[in-house]
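A.B. asks: Sequence first, then the predicted structure, then my questions.
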Amino acid sequence: MCVSIQNDNQPKISVIIPVYNAGKYLDRCISSVVNQSYKNLEIVLVDDGSNDNSGNICDKWKGIDSRIQVIHKKNEGPGVARNEGLKIIKGGEICYIC
């Protein structure tokens, strides 16, 4: 399990990633966010009813990095998925990976 060292002087940034059938690219996407030099992140993966292995990949990453949270929901589109992520974030700054 990866544990990040956070500097309290840096604002927490919430990164919301809506996911739908992105299994082919998802590991690379999540890895790029996790490996940023800026570490005061919370990462919310919203599995929007994927029918490939995306949900399993999200759960795998949740077990690897304590900054990651996963929401599994029925497919309603990326806008709804982003809004679901907004409901649980705690960071003061928000960004989306589309």
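C.D. replies: Sure, I can see it.
A.B. asks: Residue 18 is in what secondary structure piece?
C.D. replies: Using DSSP states H and E, residue 18 maps to strand 13-19.
A.B. asks: What distance do you get for residue 87 to residue 51?
C.D. replies: Applying CB to CB, to the nearest Å, the value for residue 87 to residue 51 is 24 Å. Yep, even glycine has a C-beta here, placed from its N, CA and C like the rest.
A.B. asks: Also residue 64?
C.D. replies: When CB to CB is applied, the distance between residue 64 and residue 51 equals 23 Å.
A.B. asks: all strands of this protein, in order?
C.D. replies: Assigned by DSSP state E, the chain shows strands spanning 13-19, 41-48, 68-73, 93-96.
A.B. asks: Who are the packing partners of the shortest one?
C.D. replies: Spelled out, it's strand 93-96. Counting contacts by 3 or more CB pairs under 8 Å, 6 or more residues apart in numbering; DSSP states H and E, strand 93-96 packs against strand 13-19.
A.B. asks: who does the strand it packs on pair up with?
C.D. replies: strand 41-48 (parallel), strand 93-96 (parallel) (DSSP bridges).
A.B. asks: Highest mean neighbour count out of those?
C.D. replies: strand 41-48 (a mean of 24; mean count of other CB atoms under 10 Å).
A.B. asks: same question for it, mean pLDDT?
C.D. replies: On average, the pLDDT along strand 41-48 is 98.
A.B. asks: same thing with stretch 82-94?
C.D. replies: 95.
A.B. asks: What lies in contact with that stretch?
C.D. replies: Stretch 82-94 is contacted by residues 11-14, 16-18, 41-42, 44, 46, 69, 71, 73, 96 when judged by CB atoms under 8 Å, 6 or more residues apart in numbering.
A.B. asks: wait, isn't residue 71 in contact with residue 46?
C.D. replies: Yes: with contact defined as CB atoms under 8 Å, residue 71 counts as touching residue 46 (4.7 Å).
A.B. asks: List just the nearest of the contacts of stretch 82-94 to residue 29.
C.D. replies: The closest of the contacts of stretch 82-94 to residue 29 turns out to be residue 17 (CB to CB; 6.8 Å).
A.B. asks: Could you pull up the contacting residues of that closest one?
C.D. replies: By CB under 8 Å, 6+ apart, the contact set of residue 17 is 29-30, 33, 43-46, 85, 96-97.
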